[in-house]
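Engineer: pasted the sequence and its predicted model underneath.
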Amino acid sequence: MLSLKTIAASYTLSAKLDPEKCEKLIEALGIRRSTILDYVYPNNIKLSAAHLRLTPYKDIKSFIEDCCRLIDMAIQSGSQLLLLPHLLGLVPLSVDKPSMSLATSLIEDLCKGQTPPANLRARFGSVMDKLSDFLFDCYYNIFLLLAHKYNIYIAAGSTYVATSQGIFCRSYLFSPDSDEAFFQDKITLSPTERALGIQPGNELKIFDSKIGKLAILADTDGSFYECYKAAKALGAQLVLTPALSSEQFSHNPRYNASLMNAQHYNLYTVRSSFYSTGETLPAFRGASGIYAPLLMTRDLNGVVVHNHESDETGGVLSSRIDPPRLLDNMDVYSHHRNPLFYERMMKETYPGFFKGTLPSPTVVPSYVPQEKPEEAGAAPQETANEPEASEENAAQV
């Protein structure tokens with residue numbers, strides 16, 4: 001019965017996402033080409049990150065018009081690149097009720113945690129087999145055409161792509177100078193993606209653009225220090241992170257890996273997220289913003305521009321950056337090492353992140369650091385009657 005529903009959904013979705021129809025809708029908008037990439041000064045680059053409300057669309061025309069609204073806002077601010085949220089390529093599913101019903105049913109069963117993983121993987125594979133081609137063609141053609149029409153770089157989030165090697169989570173950067181988009185496969189998969197049989201990427205790529213050397217770290221890739229370290233080693237100046245988070249504190253800089261890694265690896269980082277109220281779709285509270293090393297920001301806090309509240313009105317956040325200045329930035333803490341701090345930070349931050357990616361029944365232990373009397377300023381206590389130190393404590397000493 002599921003296969004019949006999937007086949008029926010593929011017919012209705014293919015009619016609504018027809019590439020020729022999408023092209024005619026874009027042509028009818030009368031888009032005026034900008035000149036922002038005709039003359040690029042390396043020390044005066046401007047970027048935009050979309051903070052986008054996740055909502056269903058009644059038709060593909062509404063989706064295209066909303067994307068054009070964000071691009072227009074970015075161009076009016078003088079931006080040469082616009083970053084859009086993670087899994088934006090799946091949003092056109094919402095224009096077709098049968099297709100959306102299949103996706104919603106799969107998500108609900110996944111969150112309940114009662115369906116065997118093999119069944120979920122088979123259902124997801126069946127849906128991707130019938131629907132992914134229509135979704136991908138629609139997504140790819142729309143943003144490639146918009147990048148050419150507007151003359152702007154568009155990092156259009158990501159989508160799931162079915163290939164001969166399996167299903168990948170793939171992020172795309174569309175350039176007005178090329179008919180082929182730069183892409184990056186997601187390397188660090190979430191537990192949900194592993195349960196669905198998504199395949200991890202095996203290579204981190206660098207895109208050498210007019211505005212600098214770029215890397216894309218989608219969602220979980222943008223949450224781990226190792227990925228930023230690899231990007232920096234490959235010569236990246238700017239790291240783009242399309243994100244999708246349900247962690248309620250993710251808008252707080254303390255949980256914002258993009259901000260922290262801008263300091264750690266002397267990079268500019270950009271983050272774009274969905275947000276939603278949770279009325280018709282799952283609640284997302286992600287942060288969006290642009291970040292830089294501490295000494296290169298006005299308030300010396302690493303924040304160039306940032307949405308400070310998780311439910312802040314959607315739009316684009318724009319700011320200027322100066323990539324060549326990274327070479328002159330002196331970080332007085334660049335050679336400082338504090339193993340105990342890193343250990344505590346990982347135990348606190350990583351479980352906090354995974355709590356937002358795992359199905360709701362999953363329990364993730366929290367970490368509460370224990371304050372030592374010496375650290376609190378109290379006098380050392382007598383240790384004559386105390387038990388011997390454990391191996392773990394001995395290792396820390």
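Structural biologist: Received the coordinates, thanks.

Engineer: how long is stretch 268-284 from one end to the other?
Structural biologist: 24 Å (CA to CA, to the nearest Å).

Engineer: where does pLDDT dip in the stretch 101-250 of the chain?
Structural biologist: 111-115, 245-250 (pLDDT under 70).

Engineer: show me where it has its helices.
Structural biologist: Ranges of helices in the stretch 101-250 of the chain, per DSSP state H, counting those that start in this stretch, are 117-150, 191-195, 225-233.

Engineer: pipe the ones you listed into TSV and attach mean neighbour count and distance to residue 172 per row.
Structural biologist: Where you see a C-beta, it was placed from the backbone N, CA and C, and this is true even at glycine. Converted to TSV, the helices of the stretch 101-250 of the chain look like this (neighbours: other CB atoms under 10 Å; distance: least, CB to CB, whole Å):
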stretch	mean neighbour count	distance to residue 172
helix 117-150	19	7
helix 191-195	16	18
helix 225-233	18	17
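
Engineer: and of those, who's closest to residue 175?
Structural biologist: helix 117-150 (6.3 Å; CB to CB).

Engineer: elements contacting that closest one?
Structural biologist: Where contact means 3 or more CB pairs under 8 Å, 6 or more residues apart in numbering; DSSP states H and E, helix 117-150 is packed against helix 2-16, helix 19-28, helix 60-76, helix 97-112, strand 153-163, strand 166-174, helix 191-195.

Engineer: what's the third one in contact with?
Structural biologist: By CB atoms under 8 Å, 6 or more residues apart in numbering, the residues outside helix 60-76 that reach it are 16-17, 21-22, 25-26, 29, 31, 34, 36, 48, 50, 52, 57, 82, 84, 91-92, 95, 138, 142-143, 146, 150, 152, 154, 315-316, 318.

Engineer: mark which of those are buried, thanks.
Structural biologist: By neighbour count, with 16 or more other CB atoms under 10 Å, these hold 16-17, 22, 25-26, 31, 34, 36, 48, 50, 52, 57, 82, 84, 91-92, 95, 138, 142-143, 146, 150, 152, 154, 315-316, 318 as buried.

Engineer: among the helices and strands packed on helix 117-150, which is nearest residue 240?
Structural biologist: strand 153-163 (5.0 Å).

Engineer: helix 117-150 and the closest one, what's the angle between them?
Structural biologist: Angle, strand 153-163 to helix 117-150, by axes from the mean of the first three to the mean of the last three CA atoms, to 10 degrees: 150 degrees.

Engineer: what residues sit buried inside strand 153-163?
Structural biologist: Neighbour-count burial for strand 153-163, counted by 16+ other CB under 10 Å, picks out 153-162.

Engineer: now the helices of the stretch 101-250 of the chain in a markdown table, with distance to residue 61?
Structural biologist: Formatted as a markdown table, those follow (distance: least, CB to CB, whole Å):
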| stretch | distance to residue 61 |
| --- | --- |
| helix 117-150 | 11 |
| helix 191-195 | 31 |
| helix 225-233 | 37 |
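
Engineer: residue 46 should be in a strand, yeah?
Structural biologist: Yes - under DSSP: H, G, I helix; E, B strand; the rest coil, residue 46 sits within a strand.

Engineer: picking that back up, for residue 182, which of the helices of the stretch 101-250 of the chain is the nearest?
Structural biologist: Checking those against residue 182 by CB to CB gives helix 117-150 as the closest, at 11.1 Å.

Engineer: any idea of the mean pLDDT for stretch 79-91?
Structural biologist: Stretch 79-91 shows an average pLDDT of 94 in the prediction.

Engineer: quick one: end-to-end length of it, please.
Structural biologist: So stretch 79-91: terminal residues 24 Å apart, CA to CA.

Engineer: ok, now stretch 274-284?
Structural biologist: 6 Å.

Engineer: could you do stretch 229-237 as well?
Structural biologist: So stretch 229-237: terminal residues 12 Å apart, CA to CA.

Engineer: and for stretch 237-257?
Structural biologist: Terminal-residue distance, stretch 237-257 (CA to CA): 16 Å.
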